[in-house]
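Chemist: after the sequence you'll find the predicted model.
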Amino acid sequence: MNRTPDDSAPARTGAGHTRRWPKALLHGWIGGTATMLFLLVVIGALPLGDGTAFLVLYLALTVSPTVVSYRLLPRTRPKREAPKATAEATAEAERAITRYGELLRAHPYSPGEAADADELTDYRTALDAYEQAKRVAPGRVPTVLAGGRAALDRLSAGHRTASDIAWSRGRGTMRLALPRPAPGVPAVLVFETDVKQSFSVHTRSGRGGRRRILLDGGMGPTSAHVGVPAQDTDVLFVEVTASGPWRIALRRVGEARQLTDGGWLRGHGTETVLRRGGSKVVEFEHRGDTDFTVRRLTRSFRPAGVLAEGRGGARLSIPVPGRCVLRIDAVGDWKLRDPAA
């Protein structure tokens, strides 16, 4: 392999020699002046004539120590700066941290009183990965964020390892068949992307069948959880429309989040939420300047009507049955609670 001078020994320029001359001249001037004073004061006045002999003698006394000092001084070389991360690597690391932060914010998990130790550990790991990635060198950022994403995978899986999830991964627009957790019962479709892109997901009754909207007008990064009605088939045919990378899977209906206590259930984007009972009203709060819709679904996850819709920041009290299924369609952040629970 050919190597340039920068790749091998330090470049042999005159920098080291140039840096020795100022010190050598200083030493020569000091030595010559001291010798001249010694001759004048100790030995006595010298016959210097009109001054020319004095100048010649002074230069002679100065040149000699200068040359000797130059020969004796060690050669110095400019220090080679330690390699630094390139601007491109730093910028890419910052973009990766930003995407992870948006995915973290969009994740539906919210620790509650019923959270077990493993879930809380994964939750702290996901949060710590974001903070640690901002402190480490750019080259270590992907490794740190990979650990955080693995923790989010475990939280998304309902305390199962990521290897247990039948993820289907893709990029751009694709048609695919997703295996159902169990035929003949509703399921929860999970669509995740950690890049900024618009996307939509449609389902078909079969190859070439009529399209039905599952997700439309979504915006990443997000982790959307959508209820899918029951079908007597082993697979669900879907079509994903996007521009970047994504992943999708079908989960059991029991993995949908539930509104069970008086605390806020926080979310981002589209999600189907189960409500097992409680008062006849829920409080809904939306943040941002985008559209939102709150729908009621039947127990088989089929549309049963719009409960509320609007645009921008809002805090609403929405009448609902005690036991119901709610679907929140939004692009930004929202939160939901049962005020009487």
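Modeler: Received it, and whenever you're ready, just let me know what you need.
Chemist: part of a helix, is residue 102?
Modeler: Yes: read with DSSP: H, G, I helix; E, B strand; the rest coil, residue 102 is one of the residues of a helix.
Chemist: pretty sure it contacts residue 221?
Modeler: Yes: with contact defined as Cβ atoms under 8 Å, residue 102 reaches residue 221; the gap is 4.0 Å. C-beta coordinates here come from the backbone N, C-alpha and C atoms, glycine included.
Chemist: the two: which is more packed in?
Modeler: With neighbours defined as other Cβ atoms under 10 Å, residue 102 and residue 221 compare such that residue 221 has more, 22 against 17.
Chemist: if I pick the more buried one, what's in contact with it?
Modeler: Residue 221 makes contact with 99, 102-103, 106, 193-196 under the criterion Cβ atoms under 8 Å, 6 or more residues apart in numbering.
Chemist: quick check: phi and psi on residue 288?
Modeler: Listed backbone geometry of residue 288 is phi 110, psi -180, with angles given as degrees, to the nearest 10.
Chemist: brain fart, residue 136
Modeler: Dihedral angles (degrees, to the nearest 10) for residue 136: phi -80, psi 170.
Chemist: how about the contacts made by it?
Modeler: residue 144.
Chemist: what's the pLDDT at it?
Modeler: The model reports residue 136 with a pLDDT of 90.
Chemist: please apply the same query to residue 73.
Modeler: Model confidence at residue 73, expressed as pLDDT, equals 63.
Chemist: between residue 102 and residue 221, which contacts overlap?
Modeler: Shared contacts of residue 102 and residue 221 (Cβ under 8 Å, 6+ apart): 194, 196.
Chemist: secondary structure element for residue 203?
Modeler: Here residue 203 is covered by strand 198-204, with elements defined by DSSP states H and E.
Chemist: that strand packs against which elements?
Modeler: Packed against strand 198-204, as judged by 3 or more Cβ pairs under 8 Å, 6 or more residues apart in numbering; DSSP states H and E, are the following elements: strand 187-193, strand 211-219, strand 235-241.
Chemist: phi first, then psi, for residue 107.
Modeler: Listed backbone geometry of residue 107 is phi -70, psi 140, with angles given as degrees, to the nearest 10.
Chemist: quick one: contacts for it?
Modeler: 126, 152, 155-156, 223, 268.
Chemist: so which of those residues are in helices?
Modeler: Within the contacts of residue 107, residues falling in helices by DSSP state H are 126, 152, 155-156.
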